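> Show me how the following folds:
(chains A and B)
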2 protein chains.
Amino acid sequence: MKLHGYFRSSASYRVRIALNLKGLGAEQLSYHLRKGEQRAPDYLAINPQGLVPTLQGDGGAILTQSLAIIEWLDETHPTPPLLPKEPLRRAQVRAFAQALACDTHPVQNLKILSRLRELGLAEEKVTDWAAWANREGLSACEKLIAHEAAPFCFGDAPTIADLCLVPQLANARRFGVDVAAFPRLLTAEAAAKQLKAFADAAPERQPDAE
Amino acid sequence: MKLHGYFRSSASYRVRIALNLKGLGAEQLSYHLRKGEQRAPDYLAINPQGLVPTLQGDGGAILTQSLAIIEWLDETHPTPPLLPKEPLRRAQVRAFAQALACDTHPVQNLKILSRLRELGLAEEKVTDWAAWANREGLSACEKLIAHEAAPFCFGDAPTIADLCLVPQLANARRFGVDVAAFPRLLTAEAAAKQLKAFADAAPERQPDAE
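This next block holds a predicted model:
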């Protein structure tokens, strides 16, 4: 398989963790987002949104959108599972993941921050925006799992929730958010970072890291 | 079941369509978003994000995030299916849905537009932002299904993709986007609107419509 991504992209990071947890290898192809390489015509032909990641299966299958890719990996390589079996529990894990993947990350990604700069917003205000989006999302997530068994977001094994949480906390710190306000999330993050699958997926460990 | 939502909320609209397609009834509880009713303490206790919709099951189960709710409905009430059976096809349908539910709608919802106004952006620029977000998302979606069998997004029956598309096109028009640029999406929308499940879920048909 080939993973088209970028070391610092949170959505690529999620998929790298999933691949590692499933024990799957993928050749990494890097697109420098600040240089706009994700908008090159060759890449747009496989990912019309011009976003990373894209996963290319060995048979030529092309998959986009990190959560869709991760659910596909989970359906085609069920061990270890990244979602619980029971429908209500699956919905709760998915809701946590989507609170980050829908309502938090896309509101503070490079594309949006660039747009804010184009509108004349000062750099300080752009960072404030990104920090605000992270605080809003992470505050809600802290409450969503307040009564869930530790150490991971949902019990004793990582799920899609943890795959979204770890990259988002990295973003939050980058934008100066005081993450100590989210002790339950930090517990989950600490458990995740003990696992080689998460550690090996970290941005600074990728071949394209700067 | 109880659906906590708002007539004009795209995410609530998606869930209303899903409930109708599954033949499930739900009591609708309305939260006036512009008045901030979704941030009342009683509602935050069930939905810490302060977003609509929330679905309450008859047994007291609380579900948030529209896509998680819809997948739960599909897993617990499998007929008619809202996702194909084959993993790659499921991933493609989910990717289309997420291109709208992650990268488009959250970038142009009321919360974000209010934040832009607070930053001093003129009303015209706020509308430009929302129109831009819709054009970006819908342009990509038009390409994602360019080679898919019509009339629906993915063949001869509606899927989660159509549930996301129809509300998003309504938003796009509201923000002045020229949707004629997306003929394949309009074909899918026209097919969907022929179905009573979609027609009955339209914002203007809801009890809280203004």
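> Quick check: closest non-adjacent residue to A:D103.
Nearest residue to A:D103 in three dimensions, chain neighbours excluded: B:P106, at 5.0 Å (CB to CB, 6 or more residues apart in numbering or on different chains). Where you see a C-beta, it was placed from the backbone N, CA and C, and this is true even at glycine.
> Number of residues surrounding the one you found?
Neighbourhood size, B:P106 [other CB atoms under 10 Å in any protein chain shown]: 24.
> Kindly report the same for the one 4 residues further on.
Residue neighbour count, defined by other CB under 10 Å, stands at 15 for B:L110.
> Same question for A:A180.
Close neighbours of A:A180, defined as other CB under 10 Å, add up to 7.
> ok now do it, which residues does it touch?
By CB atoms under 8 Å, 6 or more residues apart in numbering or on different chains, the contact list for A:A180 reads A:L186.
> What separation do you get for it and A:L169?
Applying CB to CB, to the nearest Å, the value for A:A180 to A:L169 is 11 Å.
> Then A:R205?
Distance, A:R205 to A:L169, by CB to CB: 16 Å.
> can you list contacts of stretch A:130-141?
Taking CB under 8 Å, 6+ apart as the rule, stretch A:130-141 contacts A:96, A:99-100, A:103-105, A:107-108, A:113, A:165, A:168-169, A:171-172, A:175-177, A:179, A:181-182, A:185, B:48-50, B:115.
> Any idea how far the top helix by length along chain A is from the middle of the chain?
Across chain A, the longest stretch assigned as helix under DSSP state H is helix A:123-144. Relative to its chain's centre, helix A:123-144 lies at 15 Å (CA atoms, centre = their mean, to the nearest Å).
> Show me what counts as buried in it.
Neighbour-count burial for helix A:123-144, counted by 16 or more other CB atoms under 10 Å in any protein chain shown, picks out A:126-127, A:129-131, A:133-142, A:144.
> ranges for the strands of chain A?
A:2-5, A:27-30, A:54-56, A:62-64 (DSSP state E).
> packing partners for the third one?
When contacts are defined as 3 or more CB pairs under 8 Å, 6 or more residues apart in numbering or on different chains; DSSP states H and E, strand A:54-56 sits against strand A:2-5, strand A:62-64.
> Dump the ones you listed into JSON lines; add mean pLDDT and mean neighbour count as well.
Listed next are those as JSON lines, based on pLDDT from 0 to 100; neighbours: other CB atoms under 10 Å in any protein chain shown:
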{"stretch": "strand A:2-5", "mean pLDDT": "98", "mean neighbour count": "22"}
{"stretch": "strand A:62-64", "mean pLDDT": "98", "mean neighbour count": "23"}
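> From A:G60, how far out is the residue sitting furthest away from the middle of chain A?
What lies farthest from the middle of chain A is A:G120; by CA atoms, centre = their mean that is 28.5 Å. To A:G60, A:G120 is 44 Å away according to CB to CB.
> ditto for A:A199
As judged by CB to CB, A:A199 and A:G60 stand 31 Å apart.
> between these two, which one's more packed in?
Taking other CB under 10 Å, A:A199 and A:G60 do not tie; A:A199 has more neighbours (13 against 6).
> Let me see the contact set for the nearest residue to A:F182 once chain neighbours are set aside.
Closest residue to A:F182 apart from its sequence neighbours, by CB to CB, 6+ apart: A:E142 at 4.6 Å. Applying CB under 8 Å, 6+ apart to A:E142 gives the contacts A:A181, A:F182, A:P183, A:R184, A:L185.
> try it again with 10 Å
Residues near A:E142 by CB atoms under 10 Å, 6 or more residues apart in numbering or on different chains: A:A181, A:F182, A:P183, A:R184, A:L185, A:L186, B:P48.
> Give me the pLDDT for the residue nearest to the third one when sequence neighbours are not counted.
The shortest distance from A:P183 to any residue that is not its chain neighbour, by CB to CB, 6+ apart, is 7.8 Å, and that residue is A:E142. Per-residue confidence at A:E142 stands at 98 (pLDDT).
> Same check on A:A26?
What the model reports as pLDDT for A:A26 is 97.
> what does the one 5 residues further on give?
At A:Y31, the predicted lDDT confidence score is 97.
> What of A:S12?
pLDDT, read off for A:S12, is 98.
> Thought A:T54 was touching it, still the case?
Yes: A:S12 lies in contact with A:T54 (CB atoms under 10 Å); the separation is 9.5 Å.
> Neighbour count for those two, which is higher?
Neighbours per residue (other CB under 10 Å) separate A:S12 from A:T54, with A:S12 holding more: 30 against 25.
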